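**Q** Please find the sequence and the predicted model below.
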Amino acid sequence: MRTRRGIARLVQEFVADLETRNLSPHTVSAYRRDLAQFERFLGDLARGEEPELKHMTPRAVRRYVASLTASRFARRSVRRKLAAIKSFARYAASEGFVTTSPTAGLSGPKLDRRLPTFLSTKETERLFATPPGTTPRALRDRAVLELLYSTGIRLSELTGLSVGDVDQRSGTVRVMGKGRKERVVPVGRAATDALRRHLSASGDAGRQRPLFQGTKGARLTGRTVQRIVARELARVSEARHLSPHVLRHTFATHLLDAGADLRAVQELLGHASLSSTQIYTHVTTERLKEVYRKSHPRA
């Protein structure tokens, strides 16, 4: 076992290994940030010395998790940071630097199961009731909204689309999901029409060109999409945190409300596990219970 190894160097090697896998750049960046934070914590424990693997003990990891909680990090963030450390520990073991993982038996804080925010059917109707403007930007923004609601794709999936990923004849779009897994998702008529108007107004539409562009022709950023969605959703909803994910939640909830099969919704959303999709069954059950409480005379 080779414990005399600087944490910083091994973290660099670990991140370089991650970059060779089918992980998104956002995921790799998150690992890098989380492990850099853990490395700084170990440096404090080592009293300014360069932290080595010998400093990454079970007690040190527990103290780190406790410090995150004391600093009021969200439970979800604490779990993500601990997951990064666990992955790093497994890598260190696979390379022969440790024989026993310092994270064995350690679990993060339990998450409160929050029901996702979504638009009601009436709110969705109001969202699209106003005709879009006639400028290229207005047509682009409407196409963004229509596509997010019609397909339930993630923000990163939307911004990664090129013109050639949309097949208007078959009414489908090819997206690259988490873990660089590709899937084909149906696109409704309203979204297809919005895309057609957007592409007609945006000029040359080479297949490799980004489907949605900013003012300088660059690929539309996730932050810009967030601003577009937040602005438009605020017109019809008083909920907080009106992000593009609200339209993904709305897509799934409306499908299940209409009797869609849970596994079909899982495939459409690109969820690796059915458990990720089951949160929407809780949403629809809560809505049914609310209708019951308001309507039944002996509820």
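**A** Sure thing, it's come through. Numbers count the residues shown, from 1 in each chain.

**Q** from here on, contacts and neighbour counts on C-alpha atoms
**A** Will do.

**Q** what residue ranges in this structure are flagged as low confidence?
**A** Residue ranges of the chain with pLDDT under 70: 1-5, 48, 111-114, 204-205, 287-288, 291-292, 296, 298-299.

**Q** if I look at the residue nearest the centre of it, how far off is residue 20?
**A** Compute the mean C-alpha point of the chain, and by C-alpha atoms, centre = their mean the closest residue is residue 154, 6.3 Å away. Distance of residue 154 to residue 20, given as C-alpha to C-alpha, to the nearest Å: 23 Å.

**Q** cool, and residue 181?
**A** 15 Å.

**Q** which SS class is residue 289?
**A** helix (DSSP: H, G, I helix; E, B strand; the rest coil).

**Q** I'd like to know how far it sits from residue 160.
**A** 39 Å.

**Q** what sits up against stretch 91-111?
**A** Residues from elsewhere that reach stretch 91-111 (C-alpha atoms under 8 Å, 6 or more residues apart in numbering): 1-3, 5, 10, 14, 53, 56-58, 61-62, 65, 75-76, 78-79, 82, 85-86, 89-90.

**Q** hmm, try it at 10 Å
**A** Contacts with stretch 91-111, where a contact means C-alpha atoms under 10 Å, 6 or more residues apart in numbering, come from 1-5, 7, 10-11, 13-14, 17, 53-54, 56-62, 65-66, 69, 74-83, 85-90.

**Q** quick one on the thing from earlier: who has more neighbours, residue 181 and residue 20?
**A** residue 181 (12 against 8; other C-alpha atoms under 10 Å).

**Q** shouldn't residue 142 be in contact with residue 191?
**A** Yes: contact criterion C-alpha atoms under 10 Å: residue 142 and residue 191 qualify, at 8.8 Å.

**Q** anything in contact with each of these two?
**A** 148, 197.

**Q** who are the neighbours of whatever helix or strand residue 44 lives in, in terms of helices and strands?
**A** If you go by DSSP states H and E, residue 44 is part of helix 25-45. For helix 25-45, the packing partners by 3 or more C-alpha pairs under 10 Å, 6 or more residues apart in numbering; DSSP states H and E come out as helix 7-19, helix 58-70, helix 75-94.

**Q** I would like the residues contacting the second one, please.
**A** So that's helix 58-70. Under the contact criterion C-alpha under 10 Å, 6+ apart, helix 58-70 has outside partners 37-38, 41-42, 45, 55, 57, 71-75, 77-79, 81-82, 85-86, 100-109.

**Q** Would you map the strands across the stretch 101-250 of the chain?
**A** 166-167, 172-176, 182-186 (DSSP state E, counting those that start in this stretch).

**Q** Of all the ones you listed, which one is nearest residue 221?
**A** strand 172-176 (16.3 Å; C-alpha to C-alpha).

**Q** Can I get that closest one as PDB, trimmed to CA atoms?
**A** Taking Å, rounded to 0.1, in the frame of the first residue of the first chain, the C-alpha atoms of strand 172-176 are listed here in PDB:
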ATOM      1  CA  THR A 172     -38.700  13.500 -33.400                       C
ATOM      2  CA  VAL A 173     -35.500  15.000 -31.800                       C
ATOM      3  CA  ARG A 174     -32.300  13.200 -31.000                       C
ATOM      4  CA  VAL A 175     -30.800  14.200 -27.700                       C
ATOM      5  CA  MET A 176     -27.600  13.300 -25.800                       C
END
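
**Q** quick one: contacts of it?
**A** Contacts for strand 172-176 (C-alpha under 10 Å, 6+ apart): 24, 147, 151, 153-154, 156-158, 160-167, 181-188, 192, 270.

**Q** Likewise for stretch 42-54?
**A** Applying C-alpha under 10 Å, 6+ apart, the contact partners of stretch 42-54 are 2-10, 36-41, 55-57, 60-61, 63-64, 89, 92, 97-98, 102.

**Q** next one: stretch 188-199
**A** 128, 132, 134-151, 163, 166-173, 186-187, 200-202, 205, 211-212.

**Q** Equivalent analysis for stretch 16-28, please.
**A** Counting by C-alpha under 10 Å, 6+ apart, residues outside stretch 16-28 touching it are 10-13, 15, 29, 31-32, 91, 156, 176-181.
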